[in-house]
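**Student:** Sharing a model prediction with you, sequence too.
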Amino acid sequence: MMGHSHAVSGAMLYAGTASFLPQLVLHTQLKPADILLGTALCAGAALLPDLDHHDGTIANFLGPVSKMLCRFVAWISGGHRHATHSLLFVALMGGGTWAGVTYLGRPFTLGMTFFLLALAVKALRIHVPGEGHTTWLSVLGLSVLGTFVLDRWMPNAPGWLPYAVALGTLAHLLGDSLTKMGAPWLWPHKQRYEIVLIKRSGNDMETKVLVPLMTVATVAFLAFSTVGTAFVS
């Protein structure tokens, strides 16, 4: 599955569950602002497992810095679609984000926000077209600007951020399980799990059916969980 598709799936999963799942998991009711911010950051988090793919488009989201990071992640995780495509990685990302927000405070929260926004900007192609330095500099600039904007609306220690990171990572596993390669959910157990709907990454099923459906669903979920909630209240 392509990076753009993963990002849209992450946004859809967060928006679609925002009205009920946080109450069960976090014992809190998300405000409309939390839902909007979380949807954007969950879109970025849905790219985290592909940090093991140093030759992928997403590896260039911050130029040479992200390229080096992806090479390191690929080396330490055993290559593409191994450790980072597992429930263990979902737990590590969610737990690590919780620890960062709790013990490192606002600097970690803003740093994570910037990182996730950069992933989302790159995957959703909200940047200068191409793959050169102009492109990744535009990703950098837009992500810095977005972080400043989100800083005005985000709580000091957003309890929903670890949830958004874990949910986005989980969305990636679900998406890759629709492809032939599947995903090793129970890594280090090597068996891969798949229900093949996408026979080739970027084919018509993915780009002309699934992505448009997920996009419409995301908008509908956001309208229901934000505009609808505000109207009722």
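**Tutor:** Looks like it arrived, so ask away. Numbering: from 1, shown residues only.
**Student:** CA atoms for contacts and neighbours, from now on please.
**Tutor:** Will do.
**Student:** burial measure for the closest residue to Met93 other than its chain neighbours, as a count.
**Tutor:** By the measure of Cα to Cα, 6 or more residues apart in numbering, the closest residue to Met93 outside its immediate chain neighbours is Ala166, 6.0 Å from it. By the measure other Cα atoms under 10 Å, the count of residues near Ala166 is 25.
**Student:** okay but Ala166 is in contact with Trp98, surely?
**Tutor:** No. Assessed by Cα atoms under 8 Å, Ala166 is found out of contact with Trp98, at 10.0 Å.
**Student:** in a helix, that's where the residue nearest to Met93 is, yeah?
**Tutor:** Yes. Using DSSP: H, G, I helix; E, B strand; the rest coil, the assignment for Ala166 is a helix.
**Student:** Contacts only, for it.
**Tutor:** Neighbouring residues of Ala166 by Cα atoms under 8 Å, 6 or more residues apart in numbering: Ala45, Val90, Ala91, Met93, Gly94.
**Student:** can you check Gly132 too?
**Tutor:** With Cα under 8 Å, 6+ apart, Gly132 has no contacts at all.
**Student:** Quick one, grab the pLDDT at it.
**Tutor:** Listed pLDDT for Gly132 reads 72.
**Student:** picking that back up, distance-wise, check the residue nearest to Met93 relative to Gly95.
**Tutor:** Counting by Cα to Cα, to the nearest Å, the gap from Ala166 to Gly95 is 8 Å.
**Student:** got it, and Thr147?
**Tutor:** Remark: distance between Thr147 and Gly95 (Cα to Cα) = 22 Å.
**Student:** more neighbours, these two?
**Tutor:** Thr147 (22 against 16).
**Student:** The more buried one contacts Phe114, correct?
**Tutor:** Yes. Thr147 lies in contact with Phe114 (Cα under 8 Å); the separation is 5.5 Å.
**Student:** Using a markdown table, lay out the contacts of Ala166 together with distance to Gln191, secondary structure and neighbour count.
**Tutor:** Converted to a markdown table, the contacts of Ala166 look like this (distance: Cα to Cα, whole Å; DSSP: H, G, I helix; E, B strand; the rest coil; neighbours: other Cα atoms under 10 Å):
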| residue | distance to Gln191 | secondary structure | neighbour count |
| --- | --- | --- | --- |
| Ala45 | 24 | helix | 32 |
| Val90 | 17 | helix | 24 |
| Ala91 | 19 | helix | 17 |
| Met93 | 22 | helix | 24 |
| Gly94 | 23 | helix | 21 |
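**Student:** Can you lay out these as JSON lines showing pLDDT and distance to Asp55?
**Tutor:** As requested, the contacts of Ala166 are exported to JSON lines (pLDDT from 0 to 100; distance: Cα to Cα, whole Å):
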{"residue": "Ala45", "pLDDT": "97", "distance to Asp55": "19"}
{"residue": "Val90", "pLDDT": "97", "distance to Asp55": "22"}
{"residue": "Ala91", "pLDDT": "97", "distance to Asp55": "25"}
{"residue": "Met93", "pLDDT": "97", "distance to Asp55": "22"}
{"residue": "Gly94", "pLDDT": "97", "distance to Asp55": "25"}
